[in-house]
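*Asks:* Return atomic coordinates for the entry below.
(one chain, ligands or ions: 1)
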Amino acid sequence: MYIGRFAPSPTGPLHAGSLVAALASWLDARAHSGKWLVRIEDVDSTRCLPGMDQIILQQLAALGLHSDQPPVYQSQRAPLYQQALDQLVVSGHAYPCACSRRDIALALQHSGQVKARHDALIYPGTCRHGLNGKLARAWRLNTQAQPPFHWQDRRLGDQWQDVALDVGDFILKRADGCFAYQLAVVVDDAAQGITDVVRGQDLTDNTARQILLQRALLLPTPRYLHTPLVLGPNGEKLSKQNGAQALDSQQPLAALNHAAAVLGLAEQHALADALPNWVVQWLCLYNLPP
Ligand code: GLU
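*Replies:* Residues are numbered from 1 along each chain as shown. Here you go, the predicted model:
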């Protein structure tokens with residue numbers, strides 16, 4: 001049984017870019033006669049805006065995209081994430097880390113190899129073999145024994161990453177007690193029985209880390225499909241950070257047609273503008289079961 005999901009972070013309203021991922025995951029679930037679940041990824045409370053979950057759910061409802069089960073909230077699932085972290089510590093995959101950002105920068109400077117990725121320093125492994133009497137601040141996954149590996153994306157094809165080298169021992173639980181996205185998403189995808197992850201291409205780079213975590217936790221790996229990004233006028237990915245406009249809930253067909261065009265599904269003018277039946281028309285157009 002196919003189970004897909006859309007997992008927005010309530011840091012801003014949905015925009016044309018997030019709708020592409022939402023629509024693709026919904027269509028894929030419908031095309032496979034599967035279920036489609038919405039998960040609110042509010043694990044990082046410092047980035048979430050109060051009430052934004054409701055706005056996102058209303059935007060989805062206005063587009064006819066309804067979760068097949070009541071939405072799950074990551075903020076209510078900390079015990080599950082802690083359980084997974086405990087399991088990783090016991091199995092020797094995760095370890096506590098006492099380093100501040102400054103400690104990491106200094107250690108890298110001393111070793112003469114300042115390695116960074118997306119502006120984040122690659123952890124030099126200082127606490128990998130013990131805290132040396134210091135207090136634990138965060139928890140990390142030990143990636144060092146992991147050989148580089150391939151995974152398949154349904155749209156992008158063969159993908160390759162050396163997590164140990166390119167990413168390093170990444171954070172599972174932060175110094176402020178917040179669980180990291182990587183851990184939360186892996187625990188939730190498994191707990192919800194997700195068979196297919198369909199999400200934006202900007203997240204492709206997280207997949208190898210998530211597969212490593214699935215293996216360490218002895219969880220199944222779903223299939224992955226990363227959808228095309230919508231670019232803004234400046235040629236950058238449309239995002240909440242660079243001020244993408246919220247979807248106009250009064251114009252659901254226009255929004256869906258735009259997303260469909262990005263997905264290469266249809267000509268924009270192909271859809272009728274009649275609202276009461278528009279979801280059914282839409283499904284017929286793509287030969288999908290209602
Ligand atoms: N919460 C993430 C976001 O809004 C999506 C995570 C995922 O689909 O795995 O960017």
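*Asks:* and the stretch 51-200 of the chain, which residues reach the ligand?
*Replies:* 185, 199 (C-beta under 6 Å from any ligand atom). The way it works is simple: take the backbone N, C-alpha and C, and place the C-beta from them, glycine included.
*Asks:* go with 8 Å
*Replies:* Residues of the stretch 51-200 of the chain lying close to the ligand by C-beta under 8 Å from any ligand atom are 181, 185, 189, 197, 199-200.
*Asks:* Which of those sits closest to the ligand?
*Replies:* residue 199 (3.7 Å; C-beta to the nearest ligand atom).
*Asks:* thinking again about what came up before, now the two most distant members of the residues of the stretch 51-200 of the chain next to the ligand.
*Replies:* Within those, 189 and 200 form the most distant pair, 15.7 Å apart (C-beta to C-beta).
*Asks:* Neighbour count: the two, which is higher?
*Replies:* Looking at residue 189 and residue 200 with other C-beta atoms under 10 Å, you find the greater number of neighbours at residue 189, namely 23 against 20.
*Asks:* Contact partners for that one?
*Replies:* Going by C-beta atoms under 8 Å, 6 or more residues apart in numbering, residue 189 touches 5, 197, 210, 222.
*Asks:* Show me the strands in the stretch 1-150 of the chain, by range?
*Replies:* For the stretch 1-150 of the chain, strands defined by DSSP state E, counting those that start in this stretch occupy the ranges 3-6, 35-40, 72-73, 94-97, 116-117, 120-121, 138-141, 149-153.
*Asks:* And these, which one averages the lowest pLDDT?
*Replies:* Mean pLDDT values for the strands of the stretch 1-150 of the chain show the minimum at strand 116-117, a mean of 74.
*Asks:* can you list contacts of it?
*Replies:* So strand 116-117 is contacted by 122, 166-168 (C-beta under 8 Å, 6+ apart).
*Asks:* try 10 Å this time
*Replies:* With C-beta atoms under 10 Å, 6 or more residues apart in numbering as the test, strand 116-117 has contacts from 105, 108, 122, 166-168, 205.
*Asks:* before we move on, what about stretch 145-156?
*Replies:* Residues contacting stretch 145-156 (C-beta under 10 Å, 6+ apart): 24, 28, 92-93, 158-167, 196-198, 201, 204, 207-212, 215-216, 221, 223-228, 263.
*Asks:* Dump the residues of the stretch 51-200 of the chain next to the ligand into a markdown table; add pLDDT and secondary structure as well.
*Replies:* Putting these into a markdown table (pLDDT from 0 to 100; DSSP: H, G, I helix; E, B strand; the rest coil) gives the following:
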| residue | pLDDT | secondary structure |
| --- | --- | --- |
| 181 | 97 | helix |
| 185 | 98 | helix |
| 189 | 98 | helix |
| 197 | 97 | strand |
| 199 | 96 | strand |
| 200 | 95 | strand |
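*Asks:* Looks like residue 257 contacts residue 251 (just checking).
*Replies:* Yes: under the criterion of C-beta atoms under 10 Å, residue 257 makes contact with residue 251 at 9.5 Å.
*Asks:* who's more crowded, the two?
*Replies:* Of the pair residue 257 and residue 251, residue 257 is the one with more neighbours under other C-beta under 10 Å, namely 20 against 13.
*Asks:* Would you mind writing the CA trace of whichever strand or helix holds that one as CSV?
*Replies:* Applying DSSP states H and E as the criterion places residue 257 in helix 252-262. Extracted in CSV, the C-alpha atoms of helix 252-262 (Å, rounded to 0.1, in the frame of the first residue of the first chain):
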residue,chain,number,x,y,z
PRO,A,252,-7.1,27.5,-6.8
LEU,A,253,-7.2,26.6,-10.4
ALA,A,254,-4.6,29.1,-11.4
ALA,A,255,-2.3,27.9,-8.6
LEU,A,256,-2.8,24.2,-9.5
ASN,A,257,-2.3,24.9,-13.2
HIS,A,258,0.9,26.7,-12.5
ALA,A,259,2.2,23.8,-10.3
ALA,A,260,1.0,21.3,-12.9
ALA,A,261,2.9,23.2,-15.6
VAL,A,262,6.1,23.1,-13.5
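*Asks:* Skipping its backbone neighbours, what lies nearest residue 7 in space?
*Replies:* Nearest non-adjacent residue to residue 7, counting by C-beta to C-beta, 6 or more residues apart in numbering: residue 39, 4.4 Å away.
*Asks:* right, and that neighbour touches residue 8 too?
*Replies:* Yes: under the criterion of C-beta under 10 Å, residue 39 lies in contact with residue 8, with a separation of 8.2 Å.
*Asks:* Need the residues touching each of the two.
*Replies:* Contacts common to residue 39 and residue 8, judged by C-beta under 10 Å, 6+ apart, are residue 71.
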